[in-house]
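Please work out how this folds:
(chains A and B, ligands or ions: 1)
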Amino acid sequence: MPLRAIVATTASKTAAALSRAAGRGDGSVIGGWIGLKIDPDLLAHLSSGRAVALVSGTNGKTTTTRLTAAAVGVLGRVATNSYGANMPTGHTSALAKEGHTPFAVLEVDEHYLAQVINSTRPKVVALLNLSRDQLDRAKEVAMMAQLWRTALAGHPEIRVVANADDPMVVWAAGASPQTTWFSAGQRWHDDSFVCPESGHPIERANGDWWCTGCPLRRPAPQWVVEEDGVIDPRGDWHLVKLQLPGKVNLGNAATALAVAGEFGVRPIEALPRLSRVTSIAGRYAQVDRDGRNIRLLLAKNPASWLEAFDMADQAPTLLSINARDPDGLDTSWLWDVDFSPLRGRPVLITGDRAYDLAVRLQVNQVPFQHVQTFDDALAQVPPGRLEVIANYTAFQDIRAELDRVN
Amino acid sequence: MNDSTLRIVWIYPDLLSTYGDRGNMLILAHRAAARGIPVETYEVRSDMQMPTTADIYLIGGGEDGPQALAAQRLINDGGVHRAVAQGASVLAICAGYQLFGHSFFAKGTKCAGLGLLDITSDRGETRAVGELRGDIDPRLGLPPLTGFENHGGRTHLGAHAAPLARVTGGIGNDGQTEGAWYGKIIGTYSHGPALSRNPELADLLLRWSTGADRLAPLDDTWADRLRGERLAAGLPA
Ligand SMILES: [Zn+2]
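Next up, the predicted model:
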């Protein structure tokens, strides 16, 4: 490593430690920021000599990264950005902090994928899905798919592990000569009615999809979720036991197995490690307070709300909505979520934008009760499970109430 | 199909649907059903023929490419023109609002619109993003408009279109006026589920479509709280 990079790495670690000591977060961004100021190529220097996997997509990337790091850990030490700091500063911090490791598994914000591919020269890139996020922050879905496609076309040496069920992802991966397809089940289809290649409608039936105007269609997947397990490329079925809830996490585990498979890890080796992951930066965490077992579910956009309803038990459910900068200032997406799965259970609502949610629930014919604070919500529900589903800053607020549970 | 049924068409959700555009259809259907009015909703994709006999037509926002494509297909189809000539009501939002005018700009090119509103649209120097509020044309008898806007367009009204509102916060058409109306066509830059914050605008569309002078009141406690909160948030700093 060049001297400049060594100096930058040291400065980055020191800054991260100082930031943590000062109580200003976990240091996962500030350290990388300082390191990159001293050496703009620091991420490339830190990546060289490591076998790197990048994980990107709109939803599930934090969890999938965590599971992939656990699976690749079969082979040796893995550096990973486990706090979800998914831009180059976060990657730089994660690699500097861990020192030399043979492997790195990095979650990448979908906007930064091209840049991070160029810096880290990954062995594997996993593409999970593309759906609408916050309109006033993200580029439109098709434009993002185009950026991915261009980035991968320039790197034919990369193994791409991609979601066969998402037309946008299939098209984005289409320029890559080495692709492993997985099928993890996908409930959200509203962002892929129109073919990104030809503009024709996309038809769907029985889990299959195809463009009505060009050859784009669902490729045959090598890794497939089936019942409560995963079929590998040899056709063997493996039971997947997780502590994380829901079908979506079974899909995330299948993706992790597929990525680890590119490193030579076999499912039978990885599965015991996957079963030990309990929560990720507070997501799925369970906290007992006042006789209530509170479980935290993060839902950031319409697709992930559907997944959260699938995970949540038939129990009292608190929904909390904010619209601060990290959430996007616009709450319109509430109307893209069908809340009817919540009918029949007690629903409480809170957050900065509870009134937007109230109007949505009223039209959706989901009865609810509005509470001002998290403590009010606790007081309103009987002892037992309380499911909490919240968007990003609302989730962080509630996590803070629960002493920053991890 | 029954003649006493209120029919609502959502125009081209495959092309023009940004966040929450579906909401306006859900809200109209909900408010009609709550008054005992039978209601049917139709999502008409761009590869389908446009029905001409529905009562309310909704069109939403979208990106430049789909906007230009939607305008072209609607001009060729002619169904919306016939429906409007037969007295249908329209709520047109953002990109959908622009394409109801004579012309608009998409991907740097001037495109022909439907010409059903006497407006033309071009590009502003800055994007208008944030809370939007305004005092609605008194002839419509509605309380103030509140919405969230997110658009790069600026719209100029001709002699045959009236501003929907006088802006009291945000940009709208040009910082002075917001939206436009003519006959039973309403266009607005209040994007996505505009009716969630403006239930009386929803009821205006229902009254136009049913011919009812008044509708039974609904419990709008939550919508009123939302309106109060957002109107306060939309006051200029
Ligand atoms: Zn196609």
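
Can you give me the pLDDT of A:Ala15?
At A:Ala15, the model reports a pLDDT of 65.

Report the secondary structure element holding the nearest residue to A:His200 once chain neighbours are set aside.
When the adjacent residues along the chain are set aside, A:His200 lies closest to A:Gly213, with 2.8 Å between them (CB to CB, 6 or more residues apart in numbering or on different chains). Every residue, glycine included, has its C-beta placed from N, CA and C. Secondary structure from DSSP states H and E places A:Gly213 outside every helix and strand.

I'd say A:Gly213 and A:Val194 touch.
No - in this structure, A:Gly213 is not within contact of A:Val194 by CB atoms under 8 Å, at 10.1 Å.

which residues are common contacts for the two?
Where contact means CB atoms under 8 Å, 6 or more residues apart in numbering or on different chains, the residues bridging A:Gly213 and A:Val194 through contact with each are A:His200, A:Pro201.

how about the nearest residue to B:Ala71 once chain neighbours are set aside, phi and psi?
Spatially, and ignoring its direct neighbours in sequence, B:Ala71 is nearest to B:Leu99 (4.3 Å; CB to CB, 6+ apart). Recorded main-chain torsions at B:Leu99 are phi -80, psi -10, according to degrees, to the nearest 10.

okay, now B:Leu99: neighbour count?
The burial metric for B:Leu99, expressed as a neighbour count using other CB atoms under 10 Å in any protein chain shown, is 31.

Also B:Gly211?
Other residues lying near B:Gly211 total 7 when counted by other CB under 10 Å.

residues in contact with it?
By CB under 8 Å, 6+ apart, no residues touch B:Gly211.

Which positions in chain B make contact with chain A?
Where proximity means CB under 8 Å from any CB of the partner chain, the interface of chain B facing chain A comprises B:14-15, B:17-23, B:26-27, B:30, B:45, B:47, B:63, B:66, B:69, B:129-130, B:148, B:150, B:191-193, B:196-197, B:222-223, B:225-226, B:229.

Any of those residues buried? List them.
Under a neighbour-count criterion of 16 or more other CB atoms under 10 Å in any protein chain shown, the subset of these counted as buried comprises B:14-15, B:17-23, B:26-27, B:30, B:63, B:66, B:69, B:129-130, B:148, B:150, B:191-193, B:196-197, B:222-223, B:226, B:229.

Mind checking which of those residues are in strands?
Taking DSSP state E as the definition of strands, those contribute B:Val129, B:Gly130, B:Phe148, B:Asn150.

is it possible to export the residues you listed to TSV including pLDDT?
Compiled in TSV, those are given as follows (pLDDT from 0 to 100):
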residue	pLDDT
B:Val129	93
B:Gly130	95
B:Phe148	97
B:Asn150	92
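
Those residues into TSV, with extra columns for distance to A:Thr393?
As requested, those are exported to TSV (distance: CB to CB, whole Å):
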residue	distance to A:Thr393
B:Val129	19
B:Gly130	18
B:Phe148	18
B:Asn150	20
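
I'd like the residues you listed as JSON lines, with distance to the ion appended.
What follows is these, written out as JSON lines (distance: CB to the ion, whole Å):
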{"residue": "B:Val129", "distance to the ion": "32"}
{"residue": "B:Gly130", "distance to the ion": "37"}
{"residue": "B:Phe148", "distance to the ion": "33"}
{"residue": "B:Asn150", "distance to the ion": "29"}
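
where are the low-confidence patches of the chain?
You didn't say which chain, so I picked chain A. By pLDDT under 70, the low-scoring segments of chain A are A:1, A:3, A:7, A:11-12, A:14-30, A:84, A:133-139, A:186-192, A:406.

To clarify, I was referring to chain B.
By pLDDT under 70, the weakly predicted segments of chain B are B:1-3.

Show me the helices in it, by range?
Secondary structure of chain B by DSSP state H: the helices cover B:22-34, B:64-77, B:79-85, B:95-99, B:194-197, B:199-210, B:221-233.

neighbours around A:Phe243, how many?
Not quite, residue A:243 is Gln, not Phe. The criterion is other CB under 10 Å. On that basis, A:Gln243 has 13 neighbouring residues.
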